[in-house]
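Asks: predicted model and sequence follow; I will ask about them next.
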Amino acid sequence: MMKIFHKIKQWLLYIFFPNTCFCCGRDLPHDNQSPLCRDCTIKLEPVCGLICQRCGLPLKSGGAHCFNCRGSKAAKYKCSYIRSALCFNEPSRALIHAFKYEKYIRIAKFFAPLMYKTFKENPPFFEAEALIPVPIHKSRLKQRGFNQAEILAKHLAVYCNLPCEDILIRKRKTESQTKLNRKQRQQNITDAFEIKKGAKIKGRAFILIDDVCTTGATLEECAKVLKAAGAREVLALTALRE
Ligand SMILES: [Zn+2]
Ligand SMILES: [Zn+2]
């Protein structure tokens, strides 16, 4: 009898709340916990193989660093280490889009274990004492209702057993970075962040958390203010790498 009730419940849920793949739109079984169908899940690409030792950018040929981190340049960055869980491609882009712009917050639960896998595979992260989400401006927070980086950081914090400290403020409203080139991105984000009063920074190591890393300009600006306030080390972990 219970089995029949369960079947009817599943069927009604399916009719009224259809569950579909966020990438291709294919119907999924209602008890499916994944936001993607099997075919789209297979297409997700973890960032692996040859990558830049500093910024984590996938490299086409060998070498330790990408063009922007090569030679003496690597040491000039305030954010010393960037790693990401997945490459930016069709299914991962669809997930981030649904998460950020269509407010499917549950997608953070899908990203968190993937980001934790990247955390575990990269020993430099083990010295960190806290996770810091990259903040969004208060006007964007009001419009969106949540900061996607903070939600990712909170989920990941549970896996890493580290505190999530929301200690940065985006003091300046910046234009969206998506249509800007590398130089414009840097200019757009310069001096956009500050530290909340009373935050404990001195001598501590942190991991910045964000949804996507493209040129790393936003992470670098966050690292700049943290280092200026005495942080020992600033690393970064993002869900996607573009
Ligand atoms: Zn699909
Ligand atoms: Zn690099």
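Replies: Structure received. Numbers count the residues shown, from 1 in each chain. Ligands and ions are numbered 1, 2, ... in the order given.
Asks: wait, Arg170 touches Pro133, no?
Replies: No - with contact defined as C-beta atoms under 8 Å, Arg170 does not count as touching Pro133 (10.8 Å). C-beta coordinates here come from the backbone N, C-alpha and C atoms, glycine included.
Asks: so between those two, which is more surrounded?
Replies: The neighbour comparison of Arg170 against Pro133 (other C-beta atoms under 10 Å) goes to Pro133, with 25 against 22.
Asks: residue contacts, the more buried one?
Replies: Taking C-beta atoms under 8 Å, 6 or more residues apart in numbering, we find Pro133 in contact with Asn147, Ala149, Glu150, Leu152, Ala153, Lys154, Cys164, Asp166, Leu168, Leu208, Ile209, Asp210.
Asks: if you set the cut-off to 6 Å instead, what comes out?
Replies: Ala149, Glu150, Ala153, Ile209 (C-beta atoms under 6 Å, 6 or more residues apart in numbering).
Asks: identify the bridge partners of it.
Replies: Ile209 (DSSP bridges).
Asks: quick one: it and Ile51, what's the gap?
Replies: Using C-beta to C-beta, to the nearest Å, Pro133 is found at 23 Å from Ile51.
Asks: same check, this time on Gln148
Replies: Note on Gln148: its distance to Ile51, by C-beta to C-beta, is 24 Å.
Asks: ok, the two, which is more surrounded?
Replies: Gln148 (25 against 19).
Asks: residues contacting that one?
Replies: Lys100, Asp211.
Asks: begin at 805, not 1, for the rest of this chat.
Replies: Sure, I'll start numbering at 805, so the last one becomes Gln952.
Asks: need the pLDDT of it.
Replies: According to the prediction, Gln952 has pLDDT 97.
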